[in-house]
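# I would like to see how this sequence folds:
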Amino acid sequence: MTHYFQIEKYNKNISKTERNKYLIKKMPRIQVKSLKSEEDIESLKKLAFKKDNIKKKSKSEKKEEKPVNKIPMNLFRRMSFNGMLATNYSKNKSLTSNNKHQVNAIISFIKFAYKPRALGLFSVNVIDNKVYLYGGLSTSFNNDIWCYDIAFSKWEKIKCKNSKNDEPVPRFGHSSIIINNNLIIFGGETPKNNLKPIEDLIVYNIENRKFTYPRIKKGKIAQRKGHICIPATYSMLIYGGINLDTSKIENTAYIFNGKNMTFIPLDYIGDKLPSLIYHNGIFANHFNHYTSDSFSFYKLPLGLPHNRVQKIKIEGIYIFGGLNEKYQLNNKVYLISVCKKPCIVFKPKIDGIPPEPRYNSKMVFIEDYNFIVISGGIGRLQRVLNDLMILNIESLNWIKPIFEPENYYSPRWLIPRTEHEMFFNNGKIYILGGRNENNYCNMDFECVQFEITNF
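The predicted structure is shown next:
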């Protein structure tokens with residue numbers, strides 16, 4: 001038997017629900033996006049607490065009414081990366097127009113029957129559609145040179161013409177660049193000399209297939225490993241690393257001149273370069289500058305226009321991550337602005353959510369999109385990472401792409417790895433080697449290709 005007070009209570013609840021629905025419809029609707037300044041926050045507060053009159057206003061009242069400050073929505077651009085938003089203020093039509101874009105990372109694999117053994121802490125250099133791999137560490141030290149032909153997708157082990165007594169000592173954690181068909185190798189650790197790093201330079205001639213040991217004419221560098229090496233035509237910048245003689249993490253930077261065989265300290269002003277080890281760096285600059293014979297860290301090449309086709313916001317060397325002098329992780333970005341003397345060092349302001357702090361990650365520069373791509377490394381709690389982060393250097397903002405497999409059988413995530421290498425060629429990023437939390441990764445290529453679509 002139903003009582004009358006229950007029916008009355010039920011009707012009252014229905015009327016309250018309908019009334020609440022009516023009030024919700026009349027409430028002002030606010031679209032929240034990433035905030036840039038305190039003025040945007042105040043404008044949101046005004047919109048949220050504005051009293052809404054239910055009565056309709058006449059046209060004259062609407063004209064007299066002062067408009068509320070609204071957020072300038074044309075400043076924002078939505079980029080899809082796992083539900084987060086990034087702001088972009090560049091004027092490049094391909095990536096920063098009012099249209100909304102999505103960055104997809106398509107994963108694929110290239111597997112080989114004949115390839116180098118699984119390695120970590122090796123070096124990779126690309127020249128004339130060929131990839132040269134040297135050194136590294138796995139179950140033992142490695143002293144081999146391998147060449148990968150991109151056109152024929154084939155690995156080849158190179159036999160050097162040096163005698164056994166004249167061969168270089170196996171090493172890992174070194175750096176290498178290619179200058180004038182010469183592979184220049186610097187630093188690293190070796191099984192000899194009580195595992196101390198090597199201070200001399202080794203030059204491998206690609207045509208003659210022979211190692212030589214040039215004499216340094218000027219300058220002396222502290223023995224180091226875990227440093228970065230940034231090439232530029234006939235010179236290279238060496239920065240950071242650890243001095244195992246003093247157990248000190250270095251903050252010194254030197255420029256090596258490949259023609260004169262000299263080391264000169266980097267002349268710079270601004271912020272002091274931090275002491276870092278196992279950090280990463282890349283040169284983001286115009287391709288014509290980089291390949292010009294007259295290019296230098298202190299001046300632009302002759303005969304090239306200053307107004308470049310590319311829209312890089314700041315041309316220079318971008319340094320990311322690593323361990324500081326207290327062996328703490330960091331995810332800060334330092335920028336060395338080059339093409340002037342002295343160079344300028346500072347920390348640029350970057351929008352968006354930064355990557356997790358890490359060390360032993362890798363970076364590549366993609367000129368087509370003006371992207372700096374960061375892959376892998378060791379993060380918090382010594383966890384090996386498998387993410388991929390993009391720094392758009394046109395607008396200086398972080399982007400996290402959406403992973404998409406190439407086909408049904410392709411993986412949906414990258415393999416976790418650190419101490420690996422990667423390079424960019426013909427529209428693809430190639431990732432190889434390194435190790436994860438259990439063992440060393442093989443030398444099959446893990447390829448990533450970006451697609452930017454409207455949505």
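
# just for the protein, where's the confidence low?
1-101, 192-199, 287-294, 300-310, 454-455 (pLDDT under 70).

# tell me the domain ranges of it?
Domain assignment for the chain, taken from automatic domain parsing, gives 4-76, 93-454.

# quick one, which of those domains is packed in tightest?
The highest average neighbour count among those, using mean count of other C-beta atoms under 10 Å, belongs to domain 93-454 at a mean of 17. In short, each C-beta sits where N, CA and C put it, glycine included.

# For it, what is the distance to the chain centroid?
Centroid separation for domain 93-454 versus its chain: 10 Å, with C-alpha atoms, centre = their mean, to the nearest Å.

# Spatially nearest residue to the residue most central in space within the chain (excluding sequence neighbours)?
Central residue of the chain (C-alpha atoms, centre = their mean): residue 374, 3.1 Å from the mean position. Nearest residue to residue 374 in three dimensions, chain neighbours excluded: residue 389, at 4.7 Å (C-beta to C-beta, 6 or more residues apart in numbering).

# quick one, what contacts the nearest residue to residue 243 once chain neighbours are set aside?
Once flanking residues are discounted, residue 243 sits nearest to residue 222: 4.8 Å by C-beta to C-beta, 6+ apart. Taking C-beta atoms under 8 Å, 6 or more residues apart in numbering, we find residue 222 in contact with 199, 243, 245-246, 250, 252.

# Can you show me the helices along the stretch 201-350 of the chain?
All helices of the stretch 201-350 of the chain, identified by DSSP state H, counting those that start in this stretch, fall at 287-291.

# you'd agree residue 110 is up against residue 448?
No. Residue 110 lies out of contact with residue 448 (C-beta atoms under 8 Å); the separation is 11.8 Å.

# sorry, back to before: the residue nearest to residue 374: what's it in contact with?
Applying C-beta under 8 Å, 6+ apart, we find residue 389 in contact with 355, 373-374, 398-400.

# ok, 7 Å please
Contacts for residue 389 were tallied using C-beta atoms under 7 Å, 6 or more residues apart in numbering; they are 355, 374, 398, 400.

# how close does residue 405 sit to residue 244?
In this view, residue 405 and residue 244 are 43 Å apart by C-beta to C-beta, to the nearest Å.

# Residue 381 now?
From residue 381 to residue 244 the distance is 26 Å (C-beta to C-beta).

# rewinding a little: export the contacts of residue 222 to JSON lines and append columns for distance to residue 441.
Shown next, in JSON lines, are the contacts of residue 222 (distance: C-beta to C-beta, whole Å):
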{"residue": "199", "distance to residue 441": "30"}
{"residue": "243", "distance to residue 441": "30"}
{"residue": "245", "distance to residue 441": "32"}
{"residue": "246", "distance to residue 441": "33"}
{"residue": "250", "distance to residue 441": "29"}
{"residue": "252", "distance to residue 441": "32"}
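
# of all those, which comes closest to residue 102?
For those, the minimum distance to residue 102 (C-beta to C-beta) is 41.7 Å, reached by residue 250.

# right, and that closest one touches residue 239 too?
No. Applying C-beta atoms under 7 Å as the test, residue 250 and residue 239 come out as separate, 8.2 Å apart.

# returning to that earlier point: element containing the residue nearest to residue 374?
According to DSSP states H and E, residue 389 maps onto strand 388-392.

# ok, that strand: who's next to it in the sheet?
According to DSSP bridges, strand 388-392 forms sheet pairs with strand 371-375 (antiparallel), strand 397-399 (antiparallel).

# Alpha carbons of the first one, in PDB - could you do that?
I take that to be strand 371-375. Extracted as PDB, the C-alpha positions of strand 371-375 are listed here (Å, rounded to 0.1, in the frame of the first residue of the first chain):
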ATOM      1  CA  PHE A 371      61.500  18.900 -34.600                       C
ATOM      2  CA  ILE A 372      64.100  17.800 -32.000                       C
ATOM      3  CA  VAL A 373      63.100  14.200 -31.100                       C
ATOM      4  CA  ILE A 374      64.100  12.700 -27.700                       C
ATOM      5  CA  SER A 375      64.000   8.900 -27.200                       C
END
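
# outside of that strand, which residues touch it?
The contact list for strand 371-375, computed with C-beta under 7 Å, 6+ apart, reads 282, 284, 318, 320, 355, 361-366, 388-393, 422, 429, 431.
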